[in-house]
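Student: pasting the sequence and the predicted model now:
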Amino acid sequence: MMTAPRPGSPKGVRFNCVEVREYPRILGDNPSVSAGPPITLDWKHDQRGSLSLPLDDWEKARENDRRTKQEIRVPDFVREEWLIDAGFSGSDLQRTVKDIEEAKKARMSSITKSDFRDKTDVIAENVKRKFGRVLMRRPRSDTLYQQWKEKGDKTLIREASRRRGTM
């Protein structure tokens, strides 16, 4: 819970208590998992397991209970056990792992092809524009501007504006 700053005190936000909630673990869909099925938290929390403590008490209780990133990681076999205990079937887990592997392959394919596709898109656009000029006998897009620059003729400016619909 937050408290409003007192008049004359520095601006900021202060917290006076911590509410701890427990959420059920469910089968996730995050493709960044290294192996096995991903887990995520359900939206509905168990209100019976909620706990509210003053902030200072919470900090004192966790003081020696900090975990490293490595300790926070959950091995794939533990995730599988949690999900099966939560009621998910083995086929649910296999289907999700398969879907995630496909998503990972699609991401890698997209990453490796993007440079090549970018270059081919630029080349295709240039070829299309040049063929359009030759076959349709269209002038270059900067032709009127070049003529105006050479002649300084105001009628060419009006003509260019009319073609672009800016007048």
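Tutor: Great, that's in hand.
Student: rest of the way, CA atoms for contacts and neighbours
Tutor: OK.
Student: name the single longest helix found in the chain.
Tutor: Secondary structure of the chain per DSSP state H: the longest helix is helix 90-136.
Student: I'd like the average pLDDT over it.
Tutor: Average pLDDT, helix 90-136: 80.
Student: spatially central residue for this structure, please.
Tutor: Among the residues of the chain, the one closest to the centroid is residue 30, at 11.5 Å (C-alpha atoms, centre = their mean).
Student: what secondary structure does residue 47 sit in?
Tutor: At residue 47, secondary structure determined by DSSP: H, G, I helix; E, B strand; the rest coil is strand.
Student: okay, now it: neighbour count?
Tutor: Counted with other C-alpha atoms under 10 Å, the neighbours of residue 47 add up to 11.
Student: residues touching it, list them.
Tutor: Taking C-alpha atoms under 8 Å, 6 or more residues apart in numbering as the contact definition, residue 47 lies against 21, 22.
Student: about what we covered before: setting aside sequence neighbours, what's the nearest residue to the residue nearest to the centre of the chain?
Tutor: Once flanking residues are discounted, residue 30 sits nearest to residue 38: 6.2 Å by C-alpha to C-alpha, 6 or more residues apart in numbering.
Student: show me the contacts for that neighbour.
Tutor: 27, 28, 29, 30, 31, 79.
Student: which of those sit farthest apart?
Tutor: Farthest-apart pair in those is 31 and 79; separation 14.7 Å (C-alpha to C-alpha).
Student: break this protein down into its structural domains.
Tutor: Structurally, the chain divides into domains by automatic domain parsing as follows: 2-111, 139-167.
Student: rank those by pLDDT, which is bottom?
Tutor: Sorting the domains of the chain by mean pLDDT places domain 139-167 lowest, at a mean of 62.
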